[in-house]
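Colleague: Model the structure of this input:
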Amino acid sequence: MNSATSGTTAALLDHIDRYLDGLPRRDGRAEDFGPLTLFVRGSAGPALHAQPTRGWSERGGRRVTTADVEAVLARQRALGVAPSFEWVDSSAPALRTAAEDAGLKVTERPLLVLPAVAPTPTAFAGNVPEDVSVRTLTADDSHLPSAVAAPHLAFAEIGTHVGEAGTAELAERVGTLTAEITRTADRVRAGRTTLVAAVRNGAALSSGLFPGIVEGVTEVCAVGTLPAARRQGLALAVTAALVVRARESGAHTVFLGATDATVARIYAKLGFRHIGTYLEAEPPE
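Modeller: Below you'll find the predicted structure:
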């Protein structure tokens, strides 16, 4: 990597770091634990997470320790929320070992970014079978419930292979997600979430979202395709449509954490490139 490329990557990682610090502050408060910051949701919804404190440099300060992680875990237990840490590896290289020593399971994900200079992948947004449409959903769209449910089935059967779960399982899953569907509709209505889905015959077969823009940066999240509907280019089309909408809404940089290297290669078709590693730490199942 030459110095110019390294400098560009460092700038992109800093943009992402600003986003990761700024976005959760919109949904809750930040509690200071020195090299770590715990975000606590201020209203109903899934628990937020802890991550390295922005601006805390292990080169200029001290390394994150197991004691730091355990202090945050104790606070999460006291709050009655699920223990969870999320971070870009380069922002705190010692955190991984500290989290593992505290008994957490760490999962790696390729960190991909579509920088401002990359073309908007408009053509991919329409590259789907003729009977499928890719659309941005409103809060009252009849496809929103299945769009919320589809990723749950997708992530329960990880991979790119064609799987078993189809529209029957999708309809059943919708019935178990009433609270999440309501929260998502409220966020879409308030303009805090943009939700895109690939739909066929009244059901969302694939969906994804971006939860907001911070200083021109946003993240594509929760892209998942119903296992029985895989291998049709739906997730790629949904992701492309999200990038289109994000840029229309003022984002210059879009990033995502891919499930694995195979999925990362798929997103590379849209112009995303690998710039680092995104880590998640939670208690073992």
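
Colleague: burial of Ala156, as a residue count?
Modeller: 13 (other CB atoms under 10 Å). In this view, the C-beta of every residue, glycine as well, is placed from N, C-alpha and C.

Colleague: List the residues that contact the residue found closest to it once you drop the neighbours it is linked to in the chain.
Modeller: Distances taken as CB to CB, 6 or more residues apart in numbering place Ala165 nearest to Ala156, at 7.4 Å, with adjacent residues excluded. Listed by CB atoms under 8 Å, 6 or more residues apart in numbering, the contact partners of Ala165 are Leu153, Ala156, Glu157, Leu226, Pro227, Ala228.

Colleague: Go ahead and list the helix or strand containing the closest residue to Thr120 other than its chain neighbours.
Modeller: Nearest residue to Thr120, sequence neighbours excluded (CB to CB, 6+ apart): Arg247, at 5.4 Å. Taking DSSP states H and E as the criterion, Arg247 maps to helix 234-248.

Colleague: bridging residues for the residue nearest the centre of the chain?
Modeller: Centroid check for the chain by CA atoms, centre = their mean gives Cys221 as the closest residue, at 3.3 Å. For Cys221, the beta-bridge partners are Leu209 (DSSP bridges).

Colleague: just the helices in the protein please.
Modeller: Using DSSP state H, the helices of the chain run over residues 3-22, 66-79, 95-101, 144-156, 167-174, 178-189, 234-248, 261-267.

Colleague: Val132: which of these is closest?
Modeller: helix 234-248 (6.8 Å; CB to CB).

Colleague: Give me the helices and strands touching that closest one, please.
Modeller: Here helix 234-248 touches strand 133-136, strand 194-200, strand 203-210, strand 221-225, strand 253-257, helix 261-267, going by 3 or more CB pairs under 8 Å, 6 or more residues apart in numbering; DSSP states H and E.
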